[in-house]
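> just the structure for this:
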Amino acid sequence: GEGSITYDSINNGLYLHDLRIRLNPVETMMMIEPEWVGEVSPYRFKGPPPLVTVRGSASPHSAERTNISVSVESKSGMDYDFAGKTLPLDEVSAQLQFTPHRVQLNSVSGRLFGGKIDGNVDISVKPDGAPHKASLYITDMDFAALSRLYTGYEDSKGRLNCSFLWKGDDDNGRKVDGAGQLSITDGNVFVIPFLGPLSTLLNAVVPGLGVSKAHKATASFTVKDGIFNTRNLQVDGTGFTLRGHG
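The predicted structure is shown next:
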């Protein structure tokens with residue numbers, strides 16, 4: 001790595017000037033705070049360690065004077081554990097801001113299953129602080145690959161676009177409170193497991209309608225106490241539109 005560090009012995013201040021270094025998160029955390037290794041171990045970078053740029057100031061004896069910006073970039077990507085599965089991300093980058101009471105992750109970006117993921121996270125580090133907040137945007141992702149990974153279902157098709165904003169006190173999914181929108185296009189909606197029974201329903205109303213290909217589905221949704229709700233599910237097929245809620 002390269003860069004410079006200034007230490008003000010009179011005011012006990014540490015200043016970091018555009019440090020550019022390659023760091024392995026787990027090895028680095030072992031030196032800084034071994035008890036926190038578990039927090040960074042889900043981030044397993046592939047290829048060379050990520051390029052990290054650090055600038056800002058801090059005081060070794062006062063967290064109240066912390067103001068550090070960190071950028072992370074890895075062209076070769078990383079494997080990340082989420083909801084019991086491993087996501088293989090490519091071209092990962094993020095901007096992190098450390099202040100006395102918050103940690104913010106801005107412009108988090110990566111590629112997954114042929115699509116793009118972008119997001120932001122705002123984490124309170126005070127014991128009685130406000131809930132964590134996060135946003136996630138998925139663009140043009142291969143829905144079949146995502147469905148196959150998490151459900152083992154092989155026949156889902158289409159491209160997924162989704163936005164999701166939520167807040168919560170920890171990483172327990174059933175305590176998340178949020179809302180979002182999603183769409184699945186260029187696929188066969190009725191081969192998605194939870195929408196498949198609609199084919200039988202449509203056939204009962206109009207024989208043959210249930211086998212007509214539904215190529216698009218859209219919905220806005222809310223999440224609370226582990227339950228997803230939608231008031232405007234819409235499925236578009238050849239010659240018909242199906243609307244529902246639940």
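> and Ile184, what does it touch?
143, 158-160, 192, 216-218 (Cβ atoms under 8 Å, 6 or more residues apart in numbering). The C-beta positions use only the backbone N, C-alpha and C, and glycine is treated the same way.
> ends of stretch 49-69, how far apart?
19 Å (Cα to Cα, to the nearest Å).
> tell me the average confidence for that stretch?
Stretch 49-69 shows a mean pLDDT of 90.
> buried residues in it?
50-56, 58, 65-66, 69 (16 or more other Cβ atoms under 10 Å).
> return the member of the residues you listed nearest to Gly178.
Of all the buried residues of stretch 49-69, Ser69 has the smallest distance to Gly178: 27.3 Å, by Cβ to Cβ.
> for the buried residues of stretch 49-69, which one is nearest Arg102?
Of these, the one sitting nearest to Arg102 (Cβ to Cβ) turns out to be Thr66, at 10.2 Å.
> in three-state terms, label Glu154 for me.
coil (DSSP: H, G, I helix; E, B strand; the rest coil).
> any idea how far it is from Ala217?
19 Å (Cβ to Cβ, to the nearest Å).
> so between those two, which is more surrounded?
Neighbour comparison, Glu154 and Ala217: the larger count goes to Ala217, with 21 against 9 (by other Cβ atoms under 10 Å).
> quick one: the more buried one and Thr151, what's the gap?
In terms of Cβ to Cβ, Ala217 sits 16 Å off from Thr151.
> now do Asn120
For Asn120 relative to Thr151 (Cβ to Cβ), the value is 28 Å.
> neighbour-wise, which of these two wins?
Asn120 (17 against 12).
> could I get the pLDDT score of that one?
So, for Asn120, pLDDT stands at 95.
> residues in a beta bridge with it, which ones?
Legend: beta-bridge partners of Asn120 under DSSP bridges are Ser135.
> about what we covered before: okay, the buried residues of stretch 49-69 in JSON lines with secondary structure and distance to Asp169 next?
Conversion of these to JSON lines gives the following (DSSP: H, G, I helix; E, B strand; the rest coil; distance: Cβ to Cβ, whole Å):
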{"residue": "Pro50", "secondary structure": "coil", "distance to Asp169": "29"}
{"residue": "Leu51", "secondary structure": "strand", "distance to Asp169": "33"}
{"residue": "Val52", "secondary structure": "strand", "distance to Asp169": "29"}
{"residue": "Thr53", "secondary structure": "strand", "distance to Asp169": "31"}
{"residue": "Val54", "secondary structure": "strand", "distance to Asp169": "29"}
{"residue": "Arg55", "secondary structure": "strand", "distance to Asp169": "31"}
{"residue": "Gly56", "secondary structure": "strand", "distance to Asp169": "28"}
{"residue": "Ala58", "secondary structure": "strand", "distance to Asp169": "27"}
{"residue": "Arg65", "secondary structure": "strand", "distance to Asp169": "27"}
{"residue": "Thr66", "secondary structure": "strand", "distance to Asp169": "23"}
{"residue": "Ser69", "secondary structure": "strand", "distance to Asp169": "26"}
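> so where is this protein shaky, pLDDT-wise?
For the chain, applying pLDDT under 70 flags the ranges 127, 129, 170-173, 191, 193-196, 202-203, 206-212.
> if we use 80, what do you get?
For the chain, the stretches flagged by pLDDT under 80 are 83, 126-131, 153-156, 169-175, 188-214, 237-240.
> ok, now which ones touch the most centrally placed residue in it?
Nearest to the geometric centre of the chain sits Leu136, at 5.3 Å (Cα atoms, centre = their mean). Neighbouring residues of Leu136 by Cβ under 8 Å, 6+ apart: 117-119, 162-165, 180.
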